[in-house]
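>>> Quick one: sequence plus predicted model below, questions after.
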Amino acid sequence: MATPQELSRYAKGPQSPRERIWWDRYSHANLEKWRQVQDPLADRCAEQIAFTRPSGLLEEVERRAAQEGGDFQAFLDHCYSVPSWVDFQEMELGRRMYRRNGALQGLVLMCSSLVEGYAHNKPSQVLVATGRLQKDVSRRIYETGQMLHNIVGPDGIRPGSLGHRTLMEVRLLHAAVRQFLKNNPRWDSARYDLPINQEDMAGTVLEFDFMVVRGLRRLGVAISRREHDSMHYFWRYAGYVLGVNEALLTSTLEEQEVLAMQLTSHLYAPTEDSESLAKALLRDMANKPPFHLSYDVLLAFSRYLIGDQVADDLNIHSSVSSATAVRMVKGAIRTASVGMRMLPDPAKRVLEDVNHRLGRRTLKVGLGDNPARWGFKALA
């Protein structure tokens, strides 16, 4: 809820009987209950294996499932089961939209989704407790980029695809972090609740979906209702594979908006840690590929995307010249987006493939020639 329009929308409350149902479903009281629930299937696996890199965790689970079955096989069974509401063809347009706008998605995620997410104090404390984002910040951002790159590969997130396996690796990594923080003096459960709980996980899906689409539109990218529906559908299933309870996976854009409003109003509590995390992210990614933007310009993009109120709360300010540059870039993006929509579908597919290859090149620069050494098993 970064803009005055969004704040006004929340203040009005539910506007129909259906919205009232969603409002109650995602009430603060119910969200508070989800803060006491994690991911039992993945957590039982993590409890029985030593921590290793994400790809090593999945390989170990598969090895133990073949030998022992039990908790390891139960985890794999859940990941490979496909709920009755899933139609992979319906999410194909969404996959292509994320593939088409991969670079801009990265900019929005970095300057908007993650920065605004740090203002949610409780979930952001995981990064403080593990020290993961204050050390080698850009490495973590490129690893996130690798995940996003992999899930829009040729086979998307269909079971057995590289994208699907990458989501499984992320899910196990979350379980390993929870195991690390379990009974750890660095984590105060009485103050911050259980780490990486179901509400936090649902919020992460919103960062990659709701906030990214919102940011792309603010930058001038034209996204139709049909495209937006498919993008949301894509992340609904991705959230399922990541271990989010189906009760927190919204089925419509309108329901998703209510969840976003309720979740933000429940968690928004920026602190000095929030400011430190946000500025560490933007400072470390300054002058790095694919955009090579200065720190001040990244601050300007962030302020424009998250809105003045959140930016003021996080003490994010930039020069007038950088703010002007952001608006000029927005104009160029809007023009390019209009031109893209006029292209025939085969030409759009070519550009999507070119964009994906450019993204792969950027990630190899950021991660090195062996992505599996740092994060996930392979790069799409």
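Thanks, I have it.

>>> so who does Q36 touch?
Each residue near Q36 by C-beta atoms under 8 Å, 6 or more residues apart in numbering is listed here: D193, L194, N197. C-betas here are computed from N, CA, C, even on glycine.

>>> does the residue of the chain positioned farthest from its centre sit in a helix or strand, and which one?
Most distant from the centre of the chain: Q67, at 33.8 Å, with distances by C-alpha atoms, centre = their mean. Assessed by DSSP states H and E, Q67 sits inside helix 54-68.

>>> what sits up against the next helix or strand after that helix?
Using DSSP H and E, the helix or strand that follows helix 54-68 in sequence is helix 70-80. If you take C-beta under 8 Å, 6+ apart as the criterion, helix 70-80 is touched by 41-42, 44-45, 48, 61-62, 64-65, 159-160, 164, 167-168, 171, 241.

>>> Of all the residues in stretch 269-278, which ones are buried?
P270, T271, S274, E275, S276, L277, A278 (16 or more other C-beta atoms under 10 Å).

>>> Which single one of those residues is nearest to T130?
T130 lies nearest to L277 out of these, by C-beta to C-beta, at 11.9 Å.

>>> State the distance from that closest one to L299.
14 Å (C-beta to C-beta, to the nearest Å).

>>> got a list of what S112 touches?
M211, V212, R214, G215, F301, S302, L305, I306.

>>> Assign it to helix, strand or coil.
helix (DSSP: H, G, I helix; E, B strand; the rest coil).

>>> which ones are touching the closest residue to it other than its chain neighbours?
Spatial nearest neighbour of S112, chain neighbours left out: L305 (3.7 Å); criterion: C-beta to C-beta, 6 or more residues apart in numbering. The contact partners of L305, taken as C-beta under 8 Å, 6+ apart, are A2, V108, C111, S112, G215, R218, L219.

>>> quick one: pLDDT of L305?
Here the pLDDT value assigned to L305 is 96.

>>> now swap in the one 3 residues further on and tell me
As summarised for this prediction, D308 has a pLDDT of 92.

>>> So what's the residue count around it?
Per other C-beta atoms under 10 Å, the neighbour tally for D308 reads 13.

>>> separation between it and S112?
With C-beta to C-beta as the criterion, D308 and S112 are 13 Å apart.

>>> now the end-to-end length of stretch 247-257.
15 Å (C-alpha to C-alpha, to the nearest Å).

>>> my bad, stretch 312-320
Stretch 312-320: ends 16 Å apart by C-alpha to C-alpha.

>>> can you pull the buried residues of it?
D313, L314, I316, S318.

>>> what number of residues lie near A50?
A50 has 10 nearby residues by other C-beta under 10 Å.

>>> For N197, give me its contacts.
Applying C-beta under 8 Å, 6+ apart, the residues contacting N197 are W34, R35, Q36, V37, Q38.

>>> Kindly export stretch 183-199 (C-alpha atoms) in PDB.
Output in PDB follows, covering the C-alpha atoms of stretch 183-199 (Å, rounded to 0.1, in the frame of the first residue of the first chain):
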ATOM      1  CA  ASN A 183      16.400 -22.500  19.200                       C
ATOM      2  CA  ASN A 184      18.900 -20.000  18.000                       C
ATOM      3  CA  PRO A 185      19.500 -17.000  20.300                       C
ATOM      4  CA  ARG A 186      19.600 -14.800  17.200                       C
ATOM      5  CA  TRP A 187      15.900 -15.400  16.700                       C
ATOM      6  CA  ASP A 188      13.300 -14.100  19.100                       C
ATOM      7  CA  SER A 189      10.100 -16.100  18.400                       C
ATOM      8  CA  ALA A 190       8.100 -14.300  21.100                       C
ATOM      9  CA  ARG A 191       8.800 -11.000  19.300                       C
ATOM     10  CA  TYR A 192       8.900 -12.100  15.700                       C
ATOM     11  CA  ASP A 193       6.900 -15.300  15.700                       C
ATOM     12  CA  LEU A 194       8.100 -18.400  13.800                       C
ATOM     13  CA  PRO A 195      10.600 -17.600  11.000                       C
ATOM     14  CA  ILE A 196       9.500 -17.900   7.400                       C
ATOM     15  CA  ASN A 197       6.000 -18.800   8.400                       C
ATOM     16  CA  GLN A 198       3.000 -19.100   6.200                       C
ATOM     17  CA  GLU A 199       2.100 -15.400   6.300                       C
END
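
>>> Please name the nearest non-neighbouring residue to M201.
V244 (4.8 Å).

>>> just F301 next, same as before
Nearest to F301 is C111, by C-beta to C-beta, 6+ apart, at 4.3 Å.
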